[in-house]
Each structure stands twice: as structure tokens, then as C-alpha cells.
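Got a predicted model here, sequence first, then my questions.
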Amino acid sequence: MRYKALDGARLDILNNLSHHYASVDIKQGLSVSNQAIELAQKLNNKEQLTRAYINKANNYITAGRDSLALKLFYKTIDISNSMVQLDANAKALYGIAKIHQNWSQYETAIDYYNKAYHIFNTIKDNLNMAKVYNGIGICYMYSSNYPKALETYIQVLHYYEMDKQTETLGYASVLSNIGLIYGRMEHKLNLSLEYYERTLRIYELNGYNLGVANVLSNMANVYDNLNEPLKAVELQKRAYDIFKSIGNKAGMASALTNIGIAYTSVPDYEKALYYLEQTLPIYKTLGNKTNLGIVQYYLGEVLLEMPVSKANLTMAEYHLEQAVILSKETQNIEAQAESYGLLSKLYSKKADYKKALEFKELAVILHDSLRSQDLKDEITRLEVKYEYDKQANLDKAENDKKQALAQAEIQRQKLIKNGSVIGGGILIFAILCGFILYGRKRQADFNAKVSDTELKALRAQMNPHFIFNSLNSINDFISKNDAESASNYLVKFSKIMRQILENSNQDEISLEDDLKIMELYLQVESMRLHNKFTYAIHVDDTIDAANTLVPPLILQPFIENSIWHGISKKDSKGHIDITIKKDRDMLSCTVDDNGIGRVLKKDTSLMKSTSLGINITKNRVDVMNKKKNTNGAIKMIDKEEGVRVEVTLPLQLAF
């Protein structure tokens, strides 16, 4: 009995050691985990056996031997299912998710992470729930969904902070991942370094060498982006030495990759090629397609920067084609767009301008789709915030109402005891409470209307029919070998999309900027309709367009209606007049067309979309009136030929 107890204690120590060695000494970790497995089998201790399998699998993951780790996780699941061991089952699912994440199979990884999360949630294991959410955030990050990743990481931090675990490795890991996201934003690089410094302190405090190496490597990337490539090389070499000391092949490959990238900034292209080429066989062995694609991209870029020769261009073309294939497989739109951009540059050097244009167009379309996704994420965030705020306002109003009723009941009882004089005071108090609640409800309703109008306005600005038809027009120009028209159209279209996205968070922009977008929009639509209409924009001389503020794209729905529901249905050529005048302290904006008018429209779907755009704009004006206590208005006048829309806005100056 005594020996059995000693063996049990020894088994527990072996499992703790193998868990520790996974981050500091893989060779020792595998040796100790084998001893733990052997002893657990001898004692027929299934609980400790699953621990030993999980620890050995984690050592394999650190060593880059994911396939062997996967087998051990499945063994763990078989054992844990037979004895209903939820904790081990969840940890094995978490490990499987990490492997699929390493293989760039992000959707599969998220599926396994969610399975693990469900079990951890059942057994109320907050720390492991946080680790799972961290993994999901990583998947979103490497899928270029940065807003979703950041939202997930912030939620993970809350888990750790609730449990007062802010000096733990898990907490540091989340800080590091937030640093990674900010490191991909040009204007947030110093903030990224702040997060890395906090991470480094916790990792060093815990003696976590693997984490220290990862953070040094990530900090080096930021310094490279800050145009300090030699500082980046120095940090990457420190990271490489740590990765090598613990036998972490994935880390070694990552450091070599980043050293190569840093040398492109020095620039020293020979050294860059030397370090990048060393990583290809390692990433192929590891099955890491995301990083393999990144290396192929940078090899193509380096070869394009070197002196032009047939050999260099041929090799560059091969590497960039591989980068495109891998970025498609891993659904990395950003990498795909960048690879198309370099292929366009390559074909320009080869004087194949038709192909250069084709790849440039593909790159622009993908870049714009990324910006559209960012807007979509922002819209989702607004929707969530809107629903949350609306419910919070309703809950608060309901709670205040209950408190007022309770207070009124208390006062009613006092009234019975103390007489009618006090009762008069109570009645006044109750009336005041009623006014307060009514005022709060009105404010909540108004806030809801603001949010709803903002969301609809964003969607209206990104009219999917406009985007779809524009892409079809580009395709039509290309199919007709009209490269010049396709290029002109694409440049104007991309400028419109970029301006819409940049202004999507602004309440007001300058009239000058807004009219520039409107003119681009009119030019694009004119090209699509083969110059079926002309237009003119008149701004009163008394108006300083650069200093006058207006809500972005407030006239766009009316211009769109003039073009597509008025002029496009007309047999002859049409004309649109846009006039901006000052009327005392108001700005009068007019859109006047000579289309078929509203009376002749028979298509109910067109009328429905027309009224939708008008209603959204009316809501925007209503909200503006409420917020600024003004008298903005929209008036539609049917003419004998066409429609005139008059939009009156408060005159607002930037300075």
C-alpha cells in the first residue's frame, strides 16, 4: 500500500515535469512523459494516463510533430469518454484545435475550440475558457478579421482579470496577441510595443523561454516596420538562439523568415534570400501553409528588387504564383491581394502590360473587399452596441419605474398613518418620477433612432447593386480589350469605395470633399450608361466649400434616383443639376433632373428602393435636427419633366 502511494506521488511529479518541459526542454519533456505513461499504465490510473498523453502531445506540438500529437489527443478522448472525464476531453479537443490552427485550417480549428469551450463552460473552468477564446482570436487574426480578433481578446482579458490572474502565462499570451494586431496597424506600432513589453515582463517572471522568444521575434517585426531593420535583426537572432536551445523548429523557421524580411529593409537582398530559402523545407515539413505562403511572397519580392534578369524574373514569377495558391488555400485575402500586386509589377517589367493590368485590377478588388469587410465588421459592432444600449436603457427605465412604484407604495403607507398633508408631497414626488421616467424613455428612443439611422446610412452608402454593376462594367471593358477604359473606371471606382469607407465613421465632412466623391460617382455612372447624361455642379460664391461641413453623401441617394429611376428609363439624353446655395443660416442643396419623373414610374421595386433611400436620408436629417436643434428638411417637387429635390441643412463651419 505504501509503495502504491509513493508511485502515485511519483506519477504526479512526472506529469508536472513533462508539462513544464514542453516550453523549455522538449527532449527532456518527451523522456519524462514516456516514464509517466509507463507508470500510469502499470498503476492502471486512467486519469493520470490522460494527463501524460496530453503532456506528451504538447511536447510534440512544440517540436513541430503535430501528427504524432494528434494521435495522442485522440487516444485521450477515447479514454476520457470511457470514464466520463470531461476535463481531459476538453483539453484534448483544445489540443486538436491548436494543431488545425497550425495547419492554417482556421474554420476546423474554431469548430474544435468551440467544442472544448462548451465542456469548460459546463465545468465552470474560467481559465481554460479564456485559453480557448484566445485560440479563437488567433484564428480570426490570421484570417485577417482583426476587429473580431480584438473583440475576442478583450473578452479573454476580462476572464483573467475576474479571476485575478494578471501575472499568468495565459494573460501574457493574450497581451501578446493584442500586440500582434496593433503591430499590423501602421499608426499603432508604439502601442504594439507597449503590449509586448508587458508580455515580456510576465514571461520572464515565469521563466517561460518559449514565450520570451516569441515576443522578441514579434517586437523585432515592429522595429522593422518602424524602419529600424538592424534592431529587428538583432532581436530575431536572440529569439532564434532561444528557439534552437529548446528545439522548437517552428520558432526557428519563424525567426529565420523574419531575419530575411528585415534584411530586405536594410537592404541586403543576398542575405535576405539566404535566410528565407532556409525556411522552405521546415515549413513544408511542419505543414504550415500560411507561413510558407508568406515566405514565397517575400522571395518573389526580393527577386523583383534585384537587378532585372530573365532568371530573376522567372524565379520571382514561380514564387509569387506559389504564394497565390497558398493564400487561396488558407483563405488569406490580404496575402492574395499583395501577391497579385507584385505579379502586376513583375509583368510590367516583362512588358506584358495586359497581364499587368489584369493582376492590378485583381489586387485592387481584393483590397477593396478587405475594406468592405472592415466596414461590415464595424456595422456588426454598431448593431451589437445598439441592441445592448437599447436593452440597457429599457432595463434601466423598467428598474427606475419599479423603484418609483415601490417608493410610492412606501409613501402611500405613510399617508395612511400620517394624513393628507404628507400625501400631497408624495403625489408631487410621484409626478416628478413620472416625468423623469418619460424623459428617459424619450432619450432611449432617440438614441435607438440615432443608432438605427447610422446603420442604415452606412448600408445605403455601400449599395451592393452599385458595387456589383461596377465590377460587371470593369469585366465588360476587359472582355472588349478596352484596357484604358477599364483602368480609368477602376481607378475612379476604387477612389469612391475608399472615400466611403474612410468617411463611414464621420458625422460631417467638408462640402469640398463630399462634392469630390459625388463627382467621381457621377463620372462612374456616366461611363456605365455610355455617357447618357451630363451633369453640372454649382456652388454659390459666398460659400467656403473647404470650411463648410455636411453629413457625408447626404445627396447621393437622390442623385442615384435621378440616374437610375429617372434618366436611365428615358429615351433621350438626360441632365442633372446640383446646386449649393446659402440661405441665411441654412445651406440649400438641390438635385434637379429632367428624367421621366415619379408619375411615370410603374416598377414597384424601383419605387420601393427609392422610398427606402429617401426615408433613410429623412431619418438622418431628423436626427441632426434633434441633436442640433435645427430645422433641416427634405422637399421633393414633381416637374413637368423630371424631379427636383431640395435638401435644407444647418450651415455649419469647421472654423
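All right, it came through fine. Numbering: from 1, shown residues only.

Please tell me how far Lys131 sits from Val174.
9 Å (C-beta to C-beta, to the nearest Å). C-betas here are computed from N, CA, C, even on glycine.

other SSEs contacting whichever strand or helix holds Gly211?
According to DSSP states H and E, Gly211 maps onto helix 209-225. Using 3 or more C-beta pairs under 8 Å, 6 or more residues apart in numbering; DSSP states H and E, the elements in contact with helix 209-225 are helix 169-182, helix 189-205, helix 229-246, helix 249-265.

got CSV for the ones you listed, with mean pLDDT and distance to Ile138 too?
As requested, these are exported to CSV (pLDDT from 0 to 100; distance: least, C-beta to C-beta, whole Å):
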stretch, mean pLDDT, distance to Ile138
helix 169-182, 88, 6
helix 189-205, 93, 14
helix 229-246, 93, 19
helix 249-265, 89, 14
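
So for Gln105, which of the ones you listed sits nearest?
Of all the helices and strands packed on helix 209-225, it is helix 249-265 that lies closest to Gln105, at 15.8 Å by C-beta to C-beta.

so the closest one versus helix 229-246, what angle?
Interaxial angle of helix 249-265 relative to helix 229-246 (axes from the mean of the first three to the mean of the last three C-alpha atoms, to 10 degrees): 160 degrees.

Tell me which other helices or strands helix 249-265 touches.
Using 3+ C-beta pairs under 8 Å, 6+ apart as the contact criterion, the elements in contact with helix 249-265 are helix 209-225, helix 229-246, helix 269-286, helix 289-305.

mind checking how far stretch 135-146 is from the chain centre?
9 Å (C-alpha atoms, centre = their mean, to the nearest Å).

let me fix that: stretch 623-634
Counting by C-alpha atoms, centre = their mean, stretch 623-634 comes out at 33 Å from the chain centroid.

cool, stretch 178-192 as well?
The answer for stretch 178-192 is 14 Å, by C-alpha atoms, centre = their mean.

What residues sit buried inside that stretch?
By 16 or more other C-beta atoms under 10 Å, the buried positions in stretch 178-192 come out as 178-184, 188-189, 191-192.

Sheet-wise, list the partners of the longest strand seen in the chain with their directions.
The residue-count maximum for a strand in the chain (DSSP state E) belongs to strand 574-583. In the sheet, strand 574-583 lines up against strand 533-539 (parallel), strand 586-593 (antiparallel) (DSSP bridges).

what's the neighbour count on the closest residue to His20 other than its chain neighbours?
Leaving aside its chain neighbours, His20 sits nearest to Gly29 (7.7 Å; criterion: C-beta to C-beta, 6 or more residues apart in numbering). When counting by other C-beta atoms under 10 Å, one arrives at 26 neighbours for Gly29.

Then Gly29 would be within a helix, right?
Yes - according to DSSP: H, G, I helix; E, B strand; the rest coil, Gly29 belongs to a helix.

quick one, phi psi at the nearest residue to Leu653 once chain neighbours are set aside?
Closest residue in space to Leu653, ignoring its immediate chain neighbours: Asn547 at 5.3 Å, by C-beta to C-beta, 6+ apart. Torsion angles at Asn547 (phi, psi; degrees, to the nearest 10) stand at phi -110, psi 0.

Verify the contact between Asn547 and Leu651 for me.
No - the pair Asn547 / Leu651 is not scored as a contact, 10.7 Å apart, by C-beta atoms under 8 Å.

picking that back up, residues of the longest strand of the chain that come out buried?
574, 576-580, 582.

what's in contact with the host helix or strand of Leu320?
Using DSSP H and E, Leu320 falls within helix 310-329. Residues from elsewhere that reach helix 310-329 (C-beta atoms under 8 Å, 6 or more residues apart in numbering): 104, 289-290, 292-294, 296-297, 299-301, 303-304, 306, 333, 335-336, 339-340, 342-343, 346, 349-350.

From the residues you listed, keep the buried residues only.
Among these, those buried by neighbour count (16+ other C-beta under 10 Å) are 104, 289-290, 292-294, 296-297, 299-301, 303-304, 306, 333, 335-336, 339-340, 342-343, 346.

so what's Gly251 closest to, chain neighbours aside?
Phe243 (3.4 Å).

just for this structure, where's the confidence low?
1-5, 368-483, 501-505, 599-614, 654-655 (pLDDT under 70).

Tell me where it has strands.
For the chain, the strands defined by DSSP E occupy 509-510, 533-539, 548-550, 574-583, 586-593, 633-638, 643-650, 652-653.

show me what contacts the residue nearest to Lys618 when sequence neighbours are not counted?
Spatial nearest neighbour of Lys618, excluding adjacent residues (C-beta to C-beta, 6+ apart): Ile634 at 5.6 Å. Each residue near Ile634 by C-beta under 8 Å, 6+ apart is listed here: 614, 617-618, 621, 645-648.

Need these in TSV (columns: neighbour count).
Output for the contacts of Ile634, formatted as TSV (neighbours: other C-beta atoms under 10 Å):
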residue	neighbour count
Ile614	16
Thr617	24
Lys618	16
Val621	21
Val645	21
Glu646	16
Val647	23
Thr648	18
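
Asp592: which of these is nearest?
Val645 (7.7 Å).

That closest one touches Gly595, doesn't it?
No - assessed by C-beta under 8 Å, Val645 is found out of contact with Gly595, at 11.9 Å.

tell me the contacts of Ser344?
355-360, 363.

Show me which of these are buried.
356-360, 363.

Angles on the backbone of Gly541, please.
For the record, residue 541 is Asp, not Gly. Note on Asp541: its backbone torsions stand at phi -60, psi -20 [degrees, to the nearest 10].

Find the residue closest to Asn177 in space, skipping its chain neighbours.
What sits nearest to Asn177 in space, not counting adjacent residues and going by C-beta to C-beta, 6+ apart, is Tyr153, at 5.6 Å.

scratch that, Ala546
In space, Ala546 is closest to Glu512, 4.7 Å off (C-beta to C-beta, 6+ apart).

For Gln296, see how far away Leu343 is.
12 Å.

whoops, I mixed them up, Leu150
According to C-beta to C-beta, Leu150 and Gln296 sit 28 Å apart.

and Phe64, how many neighbours?
One correction, residue 64 is Gly, not Phe. Using other C-beta under 10 Å, Gly64 has 22 neighbouring residues.

May I have the residues that are in contact with it?
Contacts of Gly64 by C-beta under 8 Å, 6+ apart are 248-250, 282, 285-286.

Mind doing that once more with 7 Å?
249-250, 286 (C-beta atoms under 7 Å, 6 or more residues apart in numbering).

related to what we said a few turns ago, now, the contacts of Ser344 that are in helices?
Within these, residues falling in helices by DSSP state H are 355-360, 363.

With respect to Lys231, which of those is nearest?
Ala363 (30.9 Å).

Surely that closest one is in contact with Ser339?
No - with contacts counted by C-beta atoms under 7 Å, Ala363 stays clear of Ser339, the gap being 8.3 Å.

sorry, back to before: mind exporting the C-alpha coordinates of the helix holding Leu320 to PDB?
Output in PDB follows, covering the C-alpha atoms of helix 310-329 (Å, rounded to 0.1, in the frame of the first residue of the first chain):
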ATOM      1  CA  LYS A 310      15.500  36.600 -67.100                       C
ATOM      2  CA  ALA A 311      16.500  34.200 -64.300                       C
ATOM      3  CA  ASN A 312      15.400  36.500 -61.500                       C
ATOM      4  CA  LEU A 313      12.000  37.300 -63.200                       C
ATOM      5  CA  THR A 314      11.300  33.600 -63.800                       C
ATOM      6  CA  MET A 315      12.100  32.600 -60.200                       C
ATOM      7  CA  ALA A 316      10.100  35.600 -58.900                       C
ATOM      8  CA  GLU A 317       7.100  34.500 -61.100                       C
ATOM      9  CA  TYR A 318       7.300  31.000 -59.700                       C
ATOM     10  CA  HIS A 319       7.400  32.100 -56.000                       C
ATOM     11  CA  LEU A 320       4.600  34.600 -56.400                       C
ATOM     12  CA  GLU A 321       2.300  32.000 -58.200                       C
ATOM     13  CA  GLN A 322       3.000  29.700 -55.300                       C
ATOM     14  CA  ALA A 323       2.100  32.500 -52.900                       C
ATOM     15  CA  VAL A 324      -1.200  33.000 -54.600                       C
ATOM     16  CA  ILE A 325      -2.000  29.300 -54.500                       C
ATOM     17  CA  LEU A 326      -1.200  29.100 -50.800                       C
ATOM     18  CA  SER A 327      -3.100  32.200 -49.900                       C
ATOM     19  CA  LYS A 328      -6.200  30.900 -51.600                       C
ATOM     20  CA  GLU A 329      -5.900  27.600 -49.700                       C
END
